[in-house]
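Q: Need a 3D model of the sequence below.
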Amino acid sequence: MAKTAQDQFVSCIPLPAMASSVATARMHTRLLMSKWHLLPVVDDAELVVSEIVTNAIKATNIIPPQTRYPDLYDRMEVVCLCFYQLAGELVVEVWDPKREPPQCRDVTLDDEGGRGLVLVEALSKRWGTRWPPTGGKVVWASLPLDTA
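A: Presented below is the predicted three-dimensional model:
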């Protein structure tokens, strides 16, 4: 089957809602940015993906790392990571099955977490949340592509 121009600039992968999936999402981001010749944006894209995927996994019923297979089979939830290259921007979307929107938190200098959405906002042209009719939510971010 021949690829169309549009097919070359869309990527969606499901990921199990496990902490180890964040590393898989980062690796996929690096490989995809290389394939799409978008290396100038790879570091920002990788950080945005890492933060949004982490939040999506935390929003689900996260599975403990040493869970036995029968328990996985009954409880595994999935998040979905998608990329779209549009005119002058890279759109990152992460779907998870919960409807609650992500919340920015007030953090202190001593807090270990809670800065993810601040980083997403700083690196993105814009970001937000939408609720697809099929359920869950999609958190998305648009990163500018340098066209020079």
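
Q: The closest residue to L39 other than its chain neighbours: how many residues sit nearby?
A: Leaving aside its sequence neighbours, L39 sits nearest to M33 (Cβ to Cβ, 6 or more residues apart in numbering; 6.0 Å). Placement of C-beta: from N, CA and C, glycine included. M33: 20 surrounding residues under other Cβ atoms under 10 Å.

Q: Just to be sure, M33 is in a helix?
A: Yes: counting by DSSP: H, G, I helix; E, B strand; the rest coil, M33 is part of a helix.

Q: didn't it look like it was pressed against D43?
A: No: using Cβ atoms under 8 Å, M33 makes no contact with D43, being 9.1 Å away.

Q: what sits against V91?
A: 83-85, 140-143 (Cβ atoms under 8 Å, 6 or more residues apart in numbering).

Q: give me that answer again for 7 Å
A: 83-84, 140, 142 (Cβ atoms under 7 Å, 6 or more residues apart in numbering).

Q: what helix or strand does T29 sit in?
A: Assessed by DSSP states H and E, T29 sits inside helix 21-35.

Q: Buried residues, that helix. List them.
A: Under the neighbour-count criterion of 16 or more other Cβ atoms under 10 Å, helix 21-35 has 21-22, 25-26, 28-30, 32-33 buried.

Q: where exactly do the strands run in this structure?
A: Secondary structure of the chain (DSSP state E): strands at 10-16, 78-86, 89-96, 126-130, 137-144.

Q: Show me which of those has the highest average neighbour count.
A: strand 89-96 (a mean of 22; mean count of other Cβ atoms under 10 Å).

Q: hang on, the earlier thing: would you turn the strands of the chain into TSV with distance to V118 and mean pLDDT?
A: Shown next, in TSV, are those (distance: least, Cβ to Cβ, whole Å; pLDDT from 0 to 100):
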stretch	distance to V118	mean pLDDT
strand 10-16	23	93
strand 78-86	21	93
strand 89-96	16	95
strand 126-130	11	94
strand 137-144	13	95
